[in-house]
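*Asks:* take a look and give me a structure for this.
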Amino acid sequence: MDFFKKLLILSIFLQCHYSFAETVNVYCSNISYNWKWLKNGNKKVTVDGSWKEMVFFPGVFIEFFDIRGGINKIEELTRECTRQYGEAYYIAQPANNFMSEWHTFGSNGYLLNGLFIIQSHNVSYGYSLYMFNTELLKNFYSKYLSYEEIAEKIQKLRIDQSYL
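*Replies:* Residues are numbered from 1 along each chain as shown. Down below sits the predicted model:
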């Protein structure tokens with residue numbers, strides 16, 4: 001019985017530990033969905049933080065990486081992306097591996113206006129929709145998007161396109 005108690009405590013500890021602190025790789029992208037790993041010498045650049053969701057409506061959300069170091073760290077990564085790959089690759093983005101979906105960095109209620117997926121899950125009908133924020137990217141002039149700006153745009157898309 002002691003073995004199972006220890007195993008349970010260990011699994012709870014590991015689950016809590018990994019849900020609060022993670023390390024991800026960073027890649028640089030352009031608005032045409034091309035990307036390259038951000039590197040420091042021959043090693044991929046990594047950053048610490050935690051994965052979170054920004055929920056807008058029931059079942060409509062964006063997953064983002066809340067980076068340790070906040071906006072200042074995002075700015076540093078963005079500068080390094082443009083230094084390594086030129087002005088076109090100005091978007092720093094998080095990834096667990098090369099198969100990761102498109103996510104963005106966030107901090108203090110703001111998301112970097114990069115390429116990310118707006119997800120819509122309808123449990124009762126059993127479908128998922130993944131919509132890239134290309135329209136958000138083209139229609140906003142600021143580098144960072146607030147929750148309110150994104151919610152307003154998603155609401156307009158929900159009215160214009162009944163599937164969201």
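
*Asks:* going forward, measure contacts between C-alpha atoms and count neighbours the same way
*Replies:* OK.

*Asks:* what are the buried residues along the biggest strand by length in the chain?
*Replies:* Ranked by residue count, the top strand of the chain under DSSP state E comes out as strand 46-57. Neighbour counts using 16 or more other C-alpha atoms under 10 Å place 46, 47, 49, 50, 51, 54, 56 of strand 46-57 among the buried residues.

*Asks:* closest one of those residues to residue 73?
*Replies:* Residue 73 has its nearest neighbour among those in residue 47, at 8.9 Å by C-alpha to C-alpha.

*Asks:* mind listing the helices for the protein?
*Replies:* Taking DSSP state H as the test, the helices found in the chain are 2-20, 70-85, 134-139, 147-160.

*Asks:* now the longest one: average pLDDT?
*Replies:* When the per-residue pLDDT values of helix 2-20 are averaged, the result is 48.

*Asks:* got it, and the shortest one?
*Replies:* Helix 134-139 shows a mean pLDDT of 53.

*Asks:* returning to what we had before: now for the longest strand of the chain, which elements pack on it?
*Replies:* Contacts defined by 3 or more C-alpha pairs under 8 Å, 6 or more residues apart in numbering; DSSP states H and E place strand 46-57 against helix 2-20, strand 22-29, strand 60-67.

*Asks:* perfect, I'm done here.
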